[in-house]
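Undergrad: Sequence first, then the predicted structure, then my questions.
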Amino acid sequence: MAEAILADALARLGVAARVRSAGTHAVPGPPSPGATVALRARALDCSGHRSRRLRPEDVQSADLVLGMTRAHVAAARAAAPDRSDRVFLAGELARLGAVVGPRRPDEPAADWVARVARCRPDPCVPARPEDEVPDPAGGSDEVYRATAERLAGDLGRVARLLGGARD
């Protein structure tokens, strides 16, 4: 869900970005019915999506890696420890990005992400519990819709900050 929501938010702002998702425990296959329903309610189509497992090279090559839970962040950091400054919870990046301010027009996204990473109180601690978005896997359609709503808020703020707008 996060991939579709973030890609849509960035596209609406005219921010060119390649957005891909991978899970820490993903089983290859199509989106869950709950995710499909929740995204359809937001006029987003995920029918072409296929789940895949996060690989170290995914973290190595990314300017930014977003997780939903602190366990996801810990797994991404463990996959590429030298790139841990690029790994955030979506809510954490939205919160800290608002403090740092939006990306400047001439600033590469990776540089903005690095600026945000430097304002973490403790780079070894993966954010705050309230920055997490609980994984809806196995939940009802309502749980998936609530998760999509939360992701849309956090990722919308991230998209606006990446696009150079104050949140």
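TA: Received the coordinates, thanks. Residues are numbered from 1 along each chain as shown.

Undergrad: end to end, how far does stretch 78-96 reach?
TA: One end of stretch 78-96 sits 22 Å from the other (CA to CA, to the nearest Å).

Undergrad: Quick one: distance of it to the chain centre.
TA: Here stretch 78-96 shows a centroid-to-chain-centroid distance of 9 Å under the convention CA atoms, centre = their mean, to the nearest Å.

Undergrad: In that stretch, which residues are buried?
TA: 79-80, 83-84, 86-96 (16 or more other CB atoms under 10 Å). Where C-beta positions appear, they are placed from N, C-alpha and C, glycine not excepted.

Undergrad: residues touching the residue nearest the centre of the chain, list them.
TA: The chain has L66 as the residue nearest its centroid, 3.4 Å off, counting by CA atoms, centre = their mean. By CB atoms under 8 Å, 6 or more residues apart in numbering, the residues touching L66 are A2, L6, V87, F88, L89, A90, L93, L155, V158.

Undergrad: Surely L93 is in a strand?
TA: No: if the criterion is DSSP: H, G, I helix; E, B strand; the rest coil, then L93 is helix and not within a strand.

Undergrad: State the helix or strand in which the nearest residue to it once chain neighbours are set aside lies.
TA: Excluding its sequence neighbours, the residue lying closest to L93 (CB to CB, 6 or more residues apart in numbering) is V158, at 5.4 Å. In this assignment (DSSP states H and E), V158 forms part of helix 141-162.

Undergrad: List of residues touching that helix?
TA: Contact with helix 141-162 is made by 1-2, 5-6, 9-10, 12-13, 15, 17, 32-35, 37-39, 41-42, 66, 68, 90-91, 93-94, 97-98, 101-103, 109, 112, 133-136, 139, 166-167, as judged by CB under 8 Å, 6+ apart.
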